[in-house]
Each structure stands twice: as C-alpha cells, then as structure tokens.
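Colleague: can you look at this prediction? I've put the sequence above it.
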Amino acid sequence: MSSEATLHSSEKLSKRGLRLAGLVVAVVLVAVVVIGLITRATQASSLKTWTDEQAVPTVNVVMPEPGKTGPVLDLPGRLEAFIRAPIYAQVSGYLKDWKTDIGAPVKSGELLGEIDTPELDQQLVQARADLASAKANSELAGTTAKRWQAMLGSDSVAQQDVDQRTSDYTAKVALMNAAQANVDRLVAAKAFARIVAPFDGVVTARDTDVGALINAGGGTGPQLFVVSDIHQLRVYVQVPQSYGPSIRPGSTAVLVVPEYPGREFHAKVIATSNAVNANSGTTLVQLLVDNTDSALMPGAFAHVRFSLPVDGTALRVPASSLIFDNAGLRVATVNDGNKVAFKKVSILYDYGKSVEIGAGLQAGDRVIDSPPDGIKDGDAVKIASEDATAKPHEKA
C-alpha cells in the first residue's frame with residue numbers, strides 16, 4: 001500500500017510540472033510575439049520618420065556680400081607714336097642721296113636726304129636775271145623822273161610829261177619788287193631740296209632711294225620718310241558705352257603686350273572722345289604710356305586692363321547658385337520659414353567662379369548654393385549647417 005501511494009503521488013507531481021512548463025513556454029512565446037510586434041511597429045515608425053526627413057532636401061546657403069575690389073575691364077588697344085610726321089617732297093627732282101635709314105635716331109633739323117632740282121635751279125637763274133633787269137630799268141626810270149622833276153621848275157617841260165615819268169618810275173619799282181619776290185619764292189623752294197627732321201625722334205620709314213623721281217606732292221604724293229617721336233606712346237582703346245562713365249581723364253590702366261610676357265606697363269588716361277560711335281557702341285579713349293627705354297613699338301597691339309571702381313550697391317554670389325531656365329535668370333533663397341523663394345536677378349559682372357548681382361538681391365538674403373534639381377518655389381528645405389547662414393561665401 002505504501003509503495004502504490006508513493007507512485008500515485010509521483011505521477012501527480014509529474015503532470016503538474018508538465019503543465020507548469022507548458023504554461024511558462026506559452027508565456028514566453030506570447031512575450032516574444034508581443035516584443036516582435038512592438039519592435040516592428042517602432043521600426044516602421046522610425047522608417048516613416050526617416051523617409052519624411054529624407055523627403056526634405058538639405059541645402060547649403062551663402063550670404064551675398066559687396067565686393068572688396070572692382071572688376072577688371074580687359075580691352076584690346078593699339079599703340080601710336082606720340083608725334084608722327086610723314087615727310088613729303090615740296091619740290092620736284094631726283095633724290096640725290098639719303099643720310100638716315102629706318103631706326104636711326106635724329107635731331108630736329110638733321111638732314112635726312114637731298115633732292116637734285118635742275119629745273120628749279122634754271123628757274124632761279126632766270127628769276128635772278130629778271131630781277132637784275134628790273135633793277136636796271138627801275139634805276140633808269142628813277143633818274144629820268146628826277147631830271148624831269150628838276151626841269152619842271154624852269155617851265156621847260158609840261159606837268160603832264162613829269163607825271164608820266166614819275167608813274168613810269170613807280171611801275172618799274174613795282175616790277176623790280178615782283179621780280180625780287182619771285183627770286184625769294186624760288187630760293188625758299190630750293191631750301192626744301194634739303195629734307196630735314198621736323199623734331200627729335202626716330203626714322204620709322206624710308207620709302208625712297210637714290211635716283212628716284214621725286215614729284216612735289218603737297219601731302220598727296222608718296223611719302224619719302226616718316227619721323228616718329230616714341231619717347232611716349234599714345235594708346236587708343238574703344239571702350240563699351242556702359243563703362244564709359246567709369247573711365248575718365250586721370251584714371252590709370254595696365255598694358256600687356258605679347259612680346260613681353262609677364263611684364264606690365266602703366267598708362268594714364270589723358271582724353272576721351274566724349275562721343276559714342278553709332279556703329280560699334282563704343283567711345284574712344286586715349287592713354288599715354290612712358291617709353292623712354294623704347295621697349296614698346298608704335299603700331300603694336302596691346303591688352304589694356306582698367307581697374308573699375310567698386311559698386312557699393314552690387315552683391316556677389318557664387319556662379320553655382322544661378323538658375324537659368326524658361327523663367328529667366330534666378331537664384332533660390334531660403335525665407336524665415338525655411339522654404340524656397342525664387343528671385344529674379346541681373347548680372348552686373350561675371351568673375352568666373354562668382355558673379356556680381358546688379359539687382360534682385362538684398363544683403364540679408366540666404367542664397368542656396370548649387371540648388372538641387374526639381375526644387376520649386378515654396379518647397380521646405382533643411383539647411384546643412386546653421387553656421388552657414390552667418391558666413392559669407394568665399395569669392396573667387
């Protein structure tokens with residue numbers, strides 16, 4: 001009896017333990033399921049939050065700021081001699097010889113060449129002979145007039161005869177003066193047979209040679225020599241109309257020529273035409289550059305760089321912030337509600353990496369740099385770094 005009771009008691013305990021273990025397993029399974037559902041719900045909520053956050057684009061913003069230096073206007077220019085004089089013949093003949101060739105420095109009055117003038121020489125001989133004849137006739141007429149004037153006191157001649165002799169003397173004096181003037185004219189013309197330099201300078205052209213037929217051109221015939229004063233050079237530049245008011249007499253510019261890479265020459269504006277060419281829309285500006293070392297040559301091409309004054313009303317932004325589409329040229333800004341607001345702008349000057357805005361922006365605007373594709377007016381955005389709103393962009 002005792003062993004049977006013990007066995008029955010053990011079976012009861014075993015069944016109770018199994019039921020307890022099953023209950024524990026069921027509780028564990030329910031807990032796992034509940035935890036899994038809670039985790040999944042949390043992850044779904046986090047994913048939705050992350051997705052919503054990713055839907056709002058993150059942008060970099062810059063603050064437009066005034067430029068510290070003005071733009072540089074680079075224009076082509078041409079160099080001309082300070083004074084340039086083409087020398088023409090004023091008498092006809094044959095070139096007897098020339099004394100100076102191209103590149104030779106000359107002084108004022110120095111002989112460049114000489115013309116042989118046989119025809120003019122003969123005219124001068126004839127004119128001097130005519131002058132001698134006129135002088136002789138004048139002297140004879142003067143002597144005759146004096147004698148007739150003396151005889152008038154004795155009433156031996158008529159007053160009419162005396163007047164005729166006096167008038168004849170006056171006419172002969174006039175003929176003598178005319179002959180003298182003709183001689184002086186030919187002597188002056190003969191002086192032009194000597195071709196001389198009109199000022200100190202350099203012979204920049206010689207377009208004649210010994211034995212060449214010379215015709216007095218008076219500026220219309222071929223030039224014989226060209227003398228140029230190149231201790232200073234004039235620089236002529238066509239400046240666009242919009243920049244004309246910024247370039248006035250007294251302002252300076254830098255010249256760069258191809259034959260001296262890396263070297264700069266400084267010029268000064270001395271005059272402007274104060275008129276706009278209707279065909280090109282430009283105004284002519286004249287500068288003066290020192291050339292005491294004769295490094296620059298007249299007729300050469302040069303780059304002329306003007307440093308324009310700073311426009312205090314203009315603002316600079318990166319070129320990457322510009323948007324050009326069917327709505328025109330715009331920039332995207334971020335308003336106080338962190339939403340996109342497009343603004344139309346106009347470029348005053350392009351510096352390459354940055355641009356100067358003439359109108360459309362305010363100094364406090366937050367401009368989006370490299371705006372994302374598809375961004376629209378009113379879209380919400382997130383600023384990459386709040387510090388960026390306080391930092392102006394780095395200019396190129």
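Modeller: Okay, I see it. Source: prediction; values computed, not measured.

Colleague: okay, R263: pLDDT?
Modeller: Looking at R263, its pLDDT reads 93.

Colleague: got a list of what it touches?
Modeller: For R263, the contact set (C-beta atoms under 8 Å, 6 or more residues apart in numbering) comprises 256-257. C-betas here are computed from N, CA, C, even on glycine.

Colleague: where are the low-confidence patches of the chain?
Modeller: Along the chain, the parts satisfying pLDDT under 70 run over 1-18, 41, 43-55, 153-157, 217-221, 312, 385-396.

Colleague: center of it - which residue?
Modeller: L75 (2.9 Å; C-alpha atoms, centre = their mean).

Colleague: SS state for V33?
Modeller: helix (DSSP: H, G, I helix; E, B strand; the rest coil).

Colleague: please report how far it lies from V25.
Modeller: For V33, the distance to V25 (C-beta to C-beta, to the nearest Å) stands at 13 Å.

Colleague: report the buried residues of the helix or strand hosting L131.
Modeller: Taking DSSP states H and E as the criterion, L131 maps to helix 118-151. By neighbour count on 16 or more other C-beta atoms under 10 Å, the buried set for helix 118-151 is 120, 123-124, 127-128, 130-131, 134-135, 137-138, 141-142, 145, 148.

Colleague: sorry, back to before: I figured the residue nearest to the centre of the chain hits V237, correct?
Modeller: Yes. Counting by C-beta atoms under 8 Å, L75 does reach V237; the two are 5.2 Å apart.

Colleague: list residues touching both of these two?
Modeller: Common neighbours of L75 and V237 (C-beta under 8 Å, 6+ apart) are V304.

Colleague: elements contacting the helix holding L131?
Modeller: Packing partners of helix 118-151 (3 or more C-beta pairs under 8 Å, 6 or more residues apart in numbering; DSSP states H and E): strand 93-98, helix 159-191.

Colleague: how about those, which one is nearest I247?
Modeller: Closest approach to I247 among those (C-beta to C-beta): strand 93-98, 43.3 Å.

Colleague: in that closest one, which residues are buried?
Modeller: Residues of strand 93-98 classed as buried by neighbour count (16+ other C-beta under 10 Å): 93, 95, 98.

Colleague: beyond that strand, next helix or strand please.
Modeller: Using DSSP H and E, the helix or strand that follows strand 93-98 in sequence is strand 105-106.

Colleague: tell me which strands the helix or strand following that following strand pairs with, and in which orientation.
Modeller: Downstream of strand 105-106, the first helix or strand assigned by DSSP H and E is strand 111-116. Strand 111-116 sits in its sheet next to strand 93-98 (antiparallel), strand 194-196 (antiparallel), going by DSSP bridges.

Colleague: what about L23, how many residues nearby?
Modeller: Neighbourhood size, L23 [other C-beta atoms under 10 Å]: 10.

Colleague: can you tell me the SS state at it?
Modeller: Applying three-state DSSP: L23 is helix.

Colleague: quick one, which of the strands paired with strand 111-116 is nearest to S228?
Modeller: Of all the strands paired with strand 111-116, it is strand 194-196 that lies closest to S228, at 15.4 Å by C-beta to C-beta.

Colleague: which one of the helices and strands packed on helix 118-151 lies nearest to P71?
Modeller: Shortest distance between P71 and the helices and strands packed on helix 118-151, using C-beta to C-beta, is found for strand 93-98: 51.1 Å.
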